[in-house]
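Visitor: Requesting a structural model of the entry that follows:
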Amino acid sequence: MKRRTVLFSVLVLGFAGTAFLPPVRSAVDETYQQIALVVDVLQHIREQYVEDVDQKKLIYGAAAGMARTLDPFSQFMEPDDHKEMKTETQGQFGGLGIRIAVRDGWLTVITPMPETPAYRLGILPGDKIVKIEGDVTQGLAVEDAVQRLRGKPGTKVSITIMREGDKEPRDFTITREIIKILSVRSALLEGNIGYVKLNEFIETSQTDMRKALKELKEKGMASLVLDLRNDPGGLLTSAVDVTKLFVGDSKIVVYTQGRAQPRQDFFADSHAPFSDIPMAVLVNGGSASASEIVTGALQDHKRAVIIGSETFGKGSVQSVIPLDDGSALRLTVAKYYTPNGRSIHRDEKTKVGGITPDIVIPVSKETESKLYIQGDEIYSKDKAPQSVVKEADRVKDEVLERATQILKAEAVFQGMKK
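Guide: Numbers count the residues shown, from 1 in each chain. From the prediction side, this is the model:
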């Protein structure tokens with residue numbers, strides 16, 4: 001009993017003198033009882049489990065379990081995971097090249113990143129990873145899956161994918177590589193239409209975007225297609241900075257608000273360097289988080305026409321709280337709202353959320369797969385397409401075609417006005 005009392009005292013010490021005051025005594029008592037249950041479980045495991053157990057492993061497991069009950073995006077990160085997460089936002093890490101989340105209890109691909117092993121093999125947004133190395137993944141936490149999928153470059157990992165519309169799962173064996181995030185790619189299309197593909201919002205995205213737009217402007221760009229399809233998002237600050245390139249007049253870009261977080265507004269600058277260029281934004285189910293912030297702001301301010309299919313609906317704010325031993329808690333603390341007050345985050349019960357395009361063009365998974373693999377050729381017409389799709393099976397990019405048609409029509413209309 002003495003040992004239990006000591007453990008109990010350690011766990012509740014922080015609550016006793018600060019967080020709770022006498023008026024909420026009943027809540028304090030209930031919290032003590034609940035923490036006592038955790039202490040009891042810990043004690044029984046330490047004293048009676050068939051083998052010796054590392055106490056730190058037990059504590060980490062308890063912390064991870066608590067975070068896992070909240071939502072698919074809250075996560076306890078052990079020190080190595082925390083270090084790896086910081087590396088990702090700076091633009092380089094090791095792995096397969098996929099972003100994943102939990103949807104309907106299964107690990108689901110948000111998007112594969114261009115020029116990565118997963119991308120080259122044709123893995124798509126929405127694919128469910130049902131097995132890793134033969135082990136069923138239902139109920140597996142994202143952090144545990146990431147731990148299993150990543151490894152030393154050059155080593156291999158096998159995964160089994162179930163794709164919407166398929167009757168049988170697909171098996172892949174993927175060789176891990178150092179993943180370098182290529183944030184921005186660009187090209188000048190017919191009709192002096194600039195094309196910029198933003199793959200992910202990292203620290204350098206705004207700088208890379210500004211450079212690409214400047215080069216396209218020098219080549220004669222008269223209008224712009226911003227392709228955010230399969231962009232899983234990234235840094236909030238990067239999303240705001242990218243939006244500032246197109247929206248000025250100190251307009252609101254996005255705001256966040258949570259139960260314990262007061263509303264925080266993020267504004268554009270007084271002047272936007274590319275505020276006058278006609279724009280179309282392309283999105284799909286793989287467009288998430290930061291890409292939805294940009295899309296929502298441009299749509300609410302009527303700055304661009306949005307074309308494609310409904311976005312992913314990842315509109316929650318995670319705050320990373322560093323802990324003393326190098327671990328960290330990534331905790332959902334607020335949600336994103338567009339300038340007009342629309343919540344971006346998809347409600348798992350009602351399935352309502354995400355950004356609905358102005359012009360909705362459904363694209364089948366089969367077509368999306370081929371488009372994804374064909375995609376590289378847009379950047380270099382002088383080289384053979386980097387595609388494994390046979391000529392007879394090639395498909396048109398209807399979403400991009402509609403965007404270019406609209407921008408060409410706008411150019412004709414503006415010419416008539418002059």
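
Visitor: Could you check how far residue 216 is from residue 184?
Guide: As for residue 216, its distance to residue 184 is 11 Å (criterion: C-beta to C-beta, to the nearest Å). Glycine gets a C-beta too; all of them are placed from N, C-alpha and C.

Visitor: joint contacts of these two?
Guide: Both residue 216 and residue 184 are contacted by residue 196, under the criterion C-beta atoms under 8 Å, 6 or more residues apart in numbering.

Visitor: by contact count, what packs against the helix or strand hosting residue 295?
Guide: Using DSSP states H and E, residue 295 sits within helix 290-300. On a contact count with 3 or more C-beta pairs under 8 Å, 6 or more residues apart in numbering; DSSP states H and E, helix 290-300 meets helix 236-244, strand 252-257, strand 279-283, strand 305-308, strand 328-337.

Visitor: Pull up the pairing partners for the second one, direction included.
Guide: Based on DSSP bridges, the strands next to strand 252-257 in the sheet, each with its direction, are strand 264-267 (antiparallel), strand 328-337 (antiparallel).

Visitor: any idea which of the helices and strands packed on helix 290-300 is most buried?
Guide: Mean neighbour count (mean count of other C-beta atoms under 10 Å) peaks for strand 279-283 among the helices and strands packed on helix 290-300, with a mean of 27.

Visitor: circling back: name the residues of the helix holding residue 295 that are buried.
Guide: Within helix 290-300, the residues that count as buried by 16 or more other C-beta atoms under 10 Å are 290-300.

Visitor: In TSV, list these along with pLDDT and distance to residue 408.
Guide: What follows is the buried residues of helix 290-300, written out as TSV (pLDDT from 0 to 100; distance: C-beta to C-beta, whole Å):
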residue	pLDDT	distance to residue 408
290	95	29
291	96	25
292	97	27
293	97	28
294	98	23
295	98	22
296	98	26
297	98	25
298	98	20
299	98	21
300	98	25
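
Visitor: now those in JSON lines, with distance to residue 404?
Guide: Formatted as JSON lines, the buried residues of helix 290-300 follow (distance: C-beta to C-beta, whole Å):
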{"residue": "290", "distance to residue 404": "25"}
{"residue": "291", "distance to residue 404": "20"}
{"residue": "292", "distance to residue 404": "23"}
{"residue": "293", "distance to residue 404": "25"}
{"residue": "294", "distance to residue 404": "20"}
{"residue": "295", "distance to residue 404": "19"}
{"residue": "296", "distance to residue 404": "23"}
{"residue": "297", "distance to residue 404": "23"}
{"residue": "298", "distance to residue 404": "18"}
{"residue": "299", "distance to residue 404": "19"}
{"residue": "300", "distance to residue 404": "24"}
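
Visitor: Relative to residue 283, which of those residues is nearest.
Guide: Residue 283 lies nearest to residue 295 out of these, by C-beta to C-beta, at 5.6 Å.

Visitor: Point me to the helix or strand that includes residue 326.
Guide: For residue 326, there is no enclosing helix or strand under DSSP H and E.

Visitor: so what's it up against?
Guide: Applying C-beta under 8 Å, 6+ apart to residue 326 gives the contacts 79, 82-83.

Visitor: try residue 359
Guide: Here residue 359 is in contact with 305-308, 402 (criterion: C-beta under 8 Å, 6+ apart).

Visitor: Return the distance of residue 254 relative to residue 295.
Guide: Relative to residue 295, residue 254 is positioned 11 Å away (C-beta to C-beta).
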